[in-house]
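Q: here is a sequence with its predicted model. Questions after.
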Amino acid sequence: MWLMNQKQNKYVAHILEGKKYSAREIPAWWKNETYLPYFFLHIATSQVPSVDPIRLALFSPGNAIDLDRFPCEKFPLVEDFEVILWGDIQNDTEESELQDYSLCFFSVQRGFLADFDRGPYTVQDLLTESFHIPCGDFAFPYFELEQGWVLLIAEKENFVYILTGSFEQILEKRGYHTWFKVEKQRYYSQWAKAIDIYQRKARQL
C-alpha cells in the first residue's frame, strides 16, 4: 500500500512555470450540462488566404454566425480562464521537451476547457513571427476542425465566445459539448502570457 501511494503521489504532469500534478490530481475535462445545438460548419480559418477579415467577410457573407441559433446570453462566463502549456513529467522531476507541450484552455475551478494545438497548428508556432492569437468575429469566426475535434472562437463586444466538441457530433446534430465566454481583455492577456513563457523558455535552451 505504501508503494502504491508513493506512485500515486509522484508528479506526472505540470503547467509550464506552474503547478505540478500527480496522476490522481490531474484535472478533468469540463463540459456543459447540455449540448449547444449549433451545427453550422464555417470555413476553416487555415484554408483561407491571409487577407483583411473585413474584406473576407464581404466576400463570404454566408459564413457569419447565425445569431438566431447562437444564444450569447446563455454562455457561462469563465472568470479564471487561462491559456496554459501542459506537459508530462518523467521520474517525478524531468520535464517534457519544449516541443512536446500542449496548448490548452484551462480553468482552475472547472478543469480543462479545450485543446488548441490540433488541426494545422503546433505549440512551436508560438516561436514564429507569423503566429496570430486565434480569434475571429461574428462575421467571420475562427474555425478549425478535424476528425473528433472542432473549435470555434469569435469575439463580440466585450467577450470572446469559445465552442469546442466533436466534429462527428456536429454532423449528428448534437452540437457542441463545451461552450463558454471569456472577457476579451483576459482572453488576449492570457495568450500573451503563454507566448511569453514559451518564448522565454526557448531562449534559455
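A: Arrived safely, thanks for sending.

Q: for this structure, what spans make up the helices?
A: Secondary structure of the chain (DSSP state H): helices at 2-9, 53-59, 167-171, 184-204.

Q: could you give the mean pLDDT of the first one?
A: It refers to helix 2-9. The average pLDDT for helix 2-9 rounds to 45.

Q: can you tell me which of the helices of the chain the model trusts least?
A: Here the lowest mean pLDDT among the helices of the chain goes to helix 2-9, at a mean of 45.

Q: distance from stretch 129-138 to the middle of the chain?
A: Centroid separation for stretch 129-138 versus its chain: 12 Å, with Cα atoms, centre = their mean, to the nearest Å.

Q: so where's the chain shaky on pLDDT?
A: Residue ranges of the chain with pLDDT under 70: 1-9, 49-61, 91-94, 117, 119-120.

Q: can you rerun that using 50?
A: Scanning the chain for pLDDT under 50 picks out 1-6.

Q: quick one, strands of it?
A: For the chain, applying DSSP state E gives strands covering 11-15, 20-22, 81-90, 94-95, 102-107, 111-115, 136-137, 142-146, 149-156, 159-165, 178-183.

Q: list the neighbouring strands of the first one plus their orientation.
A: Paired neighbours of strand 11-15 in the sheet (DSSP bridges): strand 20-22 (antiparallel), strand 81-90 (antiparallel).

Q: contacts only, for Ser189.
A: For Ser189, no residue meets the contact criterion (Cβ atoms under 8 Å, 6 or more residues apart in numbering). (Each C-beta comes from the backbone N, C-alpha and C, glycine too.)

Q: roughly how far apart are it and Val83?
A: 9 Å (Cβ to Cβ, to the nearest Å).

Q: kindly format the C-alpha coordinates of stretch 182-190 as CSV.
A: Presented in CSV, the C-alpha positions along stretch 182-190 are these (Å, rounded to 0.1, in the frame of the first residue of the first chain):
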residue,chain,number,x,y,z
VAL,A,182,-14.3,35.0,-21.6
GLU,A,183,-13.8,38.7,-21.1
LYS,A,184,-12.0,39.9,-24.2
GLN,A,185,-9.2,41.6,-22.2
ARG,A,186,-8.5,38.4,-20.3
TYR,A,187,-8.5,36.2,-23.4
TYR,A,188,-5.8,38.2,-25.1
SER,A,189,-3.7,38.8,-21.9
GLN,A,190,-3.7,35.0,-21.2
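
Q: next one: that stretch to chain centre, how far?
A: Per Cα atoms, centre = their mean, the centroid offset for stretch 182-190 relative to its chain is 13 Å.

Q: my read is that Leu103 contacts Gly87, right?
A: No - with contact defined as Cβ atoms under 8 Å, Leu103 does not reach Gly87; the gap is 10.7 Å.

Q: more neighbours: those two, which one.
A: Leu103 (24 against 17; other Cβ atoms under 10 Å).

Q: which strand residues sit across from that one in the sheet?
A: Going by DSSP bridges, Leu103 is paired in beta bridges with Leu85.

Q: please apply the same query to Val160.
A: Assessed by DSSP bridges, Val160 has beta-bridge partners Glu155, Val182.
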